[in-house]
Structures are given as structure tokens and as C-alpha cells.
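Visitor: model the following, please.
(one chain, ligands or ions: 1)
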Amino acid sequence: MELVLPRHIGESEARHFLDRHRVWAYQKLEDIRQRSGRLKQSCVPLIGGASVPFQGVATELVVVEGGRRKVHRRLDGAFEIHLPQGSLEQEALEIRHALYSWVRVWMRAEVSSLIDHFTPLEGLEPRRIRIKAMKTRWGSLGPKNDMNLNWLLAFTPPEVLAYVVIHEICHIRFRNHSKAFWDLVARHDPCWPERRFWLKQHGTALLHRFG
Ligand SMILES: [Zn+2]
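Guide: Numbering: from 1, shown residues only. Okay, here's the model as predicted:
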């Protein structure tokens, strides 16, 4: 703790002041400590700790303050997140923004290569891929075959992301959940019931944590 003194006050006088106000000073320090503790706690529902389950594997978040907002993946796998100076008060929100931008670029590449593999097999191709924050759904297909995917699929095992992509592509042929639709899905992902079960079991928690 630092005591800032007006120039005309001598050291002994200052000590005397501190002695008389020791309880008050400690109380103030305790207040500050508690307030910063509360700040940390309020971050929990948004991002929930120092790691994210990237592709289903706990991946460390390392926050560096200073410079402009950016994310890069380190060789050890951790996400290094750079936030502008003074933005730590809104740390959880800032981390979410930074990760969201990174994930959208990453997922676009990932989904494109899945589609490149799939399209020659069935001749089905979405017109556009949109990766966005969706509150309740994992994917959807618009009337003009635009595919929407929830960015949180980055935090599911890779098979689950692949399943959702296959599911939506199959809707280009069948706009329903008929037996023919599920047969087509099964041809490309025989374990689809397992993926669906995973989303049922863990999906809500993921939506709540980042939503
Ligand atoms: Zn569907």
C-alpha cells in the first residue's frame, strides 16, 4: 500500500496518521480486494474459467494485456488472447469477442474441407456458409441452401461438428426428418445417434456458458 502525502507533512506525522487510521486503511484494502473478487466472479457465466473445450479438449486461455485485440494459437495448443490496455474489467466479454472472431475463420476452413469431401459423393452443396452465434440451435438450412452453423460447434468434439454439417447438407435433398433423410445421414455418419446424444447431454451447458 502507498500513502500519498501533501508536501508539508513530515514522516513522523504521516506515521502517526497511519497508526490512527490503520483499521480504516485495512478496511479500504479489504473492500478493494472484495470488489475485484466480485468482478472475477461476475465473469464466470460468460466464459467460465481459464480454459475452453476446443474440439472437446480442455484448452488453456492465456490473456495478455496491451496492443490490439487478437488471438493466436500457441505451439502448446493454448489460445493466447491479446486485449487492449484497460479492458480487463470486461475481460470475459472481450475474450468472447476475440475467440468468436478467431473461431469463425477457423471453422470456415474446417467446414469447407468437410464439404469439399462430401459434395462429390452426393452432388449436394450449400450456397453459402454462415458461422454465427445462435441461441438455441446448432445448425439450420435456409430456403436457398444457405447453411448456418453455431460457432459453439468449435467447442464440441470434431465428430459432432462433422455430424451437424452432414445433417444440414442432407436437408438440401430432404427438407424434413423422414426415414429417407436419416438413411442419407447414416450413409455418411453411421454413428449419428451418438453425436445427437452428445448434443443433448452437453449442448445446453455449452449454450448457457457462452450464450
Ligand atoms: Zn434437421
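Visitor: count of residues packed around A133?
Guide: 13 (other Cβ atoms under 10 Å). No exception for glycine: its C-beta is placed from N, CA and C like everyone else's.
Visitor: tell me the pLDDT of the closest residue to it other than its chain neighbours.
Guide: The spatial neighbour of A133 that comes closest, neighbours along the chain excluded (Cβ to Cβ, 6 or more residues apart in numbering), is W151 at 5.8 Å. We have a pLDDT of 97 for W151.
Visitor: for W151, give me its contacts.
Guide: Y100, V103, R104, M107, I131, K132, A133 (Cβ atoms under 8 Å, 6 or more residues apart in numbering).
Visitor: just flag the most distant two among those residues.
Guide: Spatially, the most separated pair among the contacts of W151 is M107 and A133, at 12.2 Å (Cβ to Cβ).
Visitor: returning to what we had before: out of the contacts of W151, which is nearest to A78?
Guide: Set against A78, the nearest of these by Cβ to Cβ is V103 (15.0 Å).
Visitor: residue contacts, the residue nearest to Q85 when sequence neighbours are not counted?
Guide: Excluding the flanking residues, the one nearest Q85 by Cβ to Cβ, 6+ apart is G66, at 5.3 Å. Residues near G66 by Cβ under 8 Å, 6+ apart: H82, P84, Q85.
Visitor: what's the average pLDDT for the lengthiest helix in the chain?
Guide: Determined from DSSP state H, the single longest helix within the chain is helix 91-122. The predicted model assigns helix 91-122 a mean pLDDT of 93.
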